[in-house]
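Q: Okay, here's the prediction I keep looking at, along with the sequence it came from:
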Amino acid sequence: MKILSLLAARLAMLLHFGFLAFVLLGALLFPRWPDLLWLHLPLVCWGVLVSVMSWSCPLTTLENALLRRAGKPTYSVGFIDHYLAAQLFPKGLPRTAQIGMGGVLLLVNTGAYAWLLMQG
């Protein structure tokens, strides 16, 4: 059972990375699959809110629960803090960086959608 929990935790981690990639770059899929707009825009809003408001993502909670069930160490910081920012900010991701990430997410997607609308 522990091995299944560990595999599920790794799957949750991969899903989370996929979610982040989709939220950041999903606007680029719009020309090919315009119906994705209705999925992408709410997820961008969610991503911005999680960053700016310091909310916990359910995927982080799920991964930690599965790691705990597998008898593996969990992490108390957010997903980005744990897997990405720890390399740049060993003492923790500053609050201004979290807000900045939300701003970058908003700017990248606003710019991408504006560019796509001007093309079409």
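A: It's in. Remember, it's a predicted structure, so these values are computed and weren't measured experimentally. Numbers count the residues shown, from 1 in each chain.

Q: got the buried residues for the helix or strand containing residue 41?
A: Residue 41 belongs to helix 37-53 when assigned by DSSP states H and E. Under the neighbour-count criterion of 16 or more other CB atoms under 10 Å, helix 37-53 has 40, 44, 47, 48, 50, 51, 52 buried. C-beta here means a position set from N, CA and C on the backbone, and glycine is covered the same way.

Q: ok, the residue positioned nearest the centre of the chain to residue 105 distance?
A: By CA atoms, centre = their mean, the chain has its centre lying nearest to residue 20, at 3.4 Å. Residue 20 sits 9 Å away from residue 105, going by CB to CB, to the nearest Å.

Q: Quick check: phi and psi at the residue nearest to residue 95 when sequence neighbours are not counted.
A: Leaving aside its chain neighbours, residue 95 sits nearest to residue 54 (7.5 Å; criterion: CB to CB, 6 or more residues apart in numbering). For residue 54, the backbone dihedrals (degrees, to the nearest 10) come out as phi 60, psi 40.

Q: Double-check residue 54 against residue 98; I have them as touching.
A: Yes. The pair residue 54 and residue 98 qualifies as a contact (CB atoms under 8 Å) at a distance of 6.4 Å.
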